[in-house]
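Q: show me how the following folds:
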Amino acid sequence: MGKYEPKIIAFCCHYCAYSAADLAGSSRLQYPANVHIVRTPCTGRLEIDYYMKAFENGMDGILVAGCEEGSCHFKDGNLLAKRRVNSIRTVLAEAGIEMERLRMVNVSAAGARPLVEYIKEFVETVSNLGPIKTKETVKNTTTGAGK
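A: So this is what the prediction gives:
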């Protein structure tokens, strides 16, 4: 049987993190192929439902990559995202799902190398955790069932 490769989604802000991912590609910096990058206008626009739906739909890990603190094009969107991510991590832990499966990082548009390193570290962390518990656990967390 092959090595476990977790399904990971990376929500990247358009102005900084997505530009860093694009620069990584142009610079031929490689990150694991099991990471699906999704460009978002701002990480602050991501509601809690986005994260929970991603887990519910089979993602083993979610990386949120926003602008560096103090550099958000929407003023404080990345700070709002950070608060949401920390809140969701608490909910996940209470539901018995490892909070390490959700992480937020901040990178500049020129931060291709740091972004690639964050991605690699996150993939390793999630790989070590193994597959996420059943989708039913995530659904119960999302809907509040089973309390």
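Q: and the helix or strand hosting A20, what does it pack onto?
A: Secondary structure from DSSP states H and E places A20 in helix 17-26. Contacts defined by 3 or more C-beta pairs under 8 Å, 6 or more residues apart in numbering; DSSP states H and E place helix 17-26 against strand 8-13, strand 35-40, strand 61-66, helix 112-129. The way it works is simple: take the backbone N, C-alpha and C, and place the C-beta from them, glycine included.
Q: list the buried residues in it.
A: Neighbour-count burial for helix 17-26, with 16 or more other C-beta atoms under 10 Å as criterion, is recorded at A17, Y18, S19, A20, A21, L23, A24.
Q: just to revisit the earlier point, out of the helices and strands packed on helix 17-26, deepest packed?
A: Highest mean neighbour count of those: strand 61-66, a mean of 26 (counted as mean count of other C-beta atoms under 10 Å).
Q: Y50 touches V38, doesn't it?
A: No - at 9.3 Å, Y50 and V38 do not qualify as touching, with contact defined as C-beta atoms under 8 Å.
Q: overlap in contacts, these two.
A: Taking C-beta atoms under 8 Å, 6 or more residues apart in numbering as the contact criterion, the common neighbours of Y50 and V38 are F11.
Q: buried sites along stretch 72-90?
A: Neighbour count says stretch 72-90 has C72, G77, N78, L79, L80, A81, K82, R84, V85, I88, R89 buried, by 16+ other C-beta under 10 Å.
Q: quick one: contacts of it?
A: By C-beta under 8 Å, 6+ apart, the surrounding residues in contact with stretch 72-90 are 13, 15, 41-48, 51-52, 64, 66-69, 71, 99, 102-104, 106.
Q: what helix or strand is F74 located in?
A: F74 is part of no helix or strand, with elements assigned from DSSP H and E.
Q: ok, now which ones touch the one residue sitting closest to the centre of the chain?
A: Centroid check for the chain by C-alpha atoms, centre = their mean gives L63 as the closest residue, at 1.6 Å. Residues near L63 by C-beta under 8 Å, 6+ apart: I8, I9, A10, F11, V35, R103, M104, V105, Y118, I119, F122.
Q: quick one on the thing from earlier: now, of the contacts of stretch 72-90, which are buried?
A: Counted by 16+ other C-beta under 10 Å, the contacts of stretch 72-90 give 13, 15, 42-44, 46, 51-52, 64, 66-67, 99, 102-104, 106 as buried.
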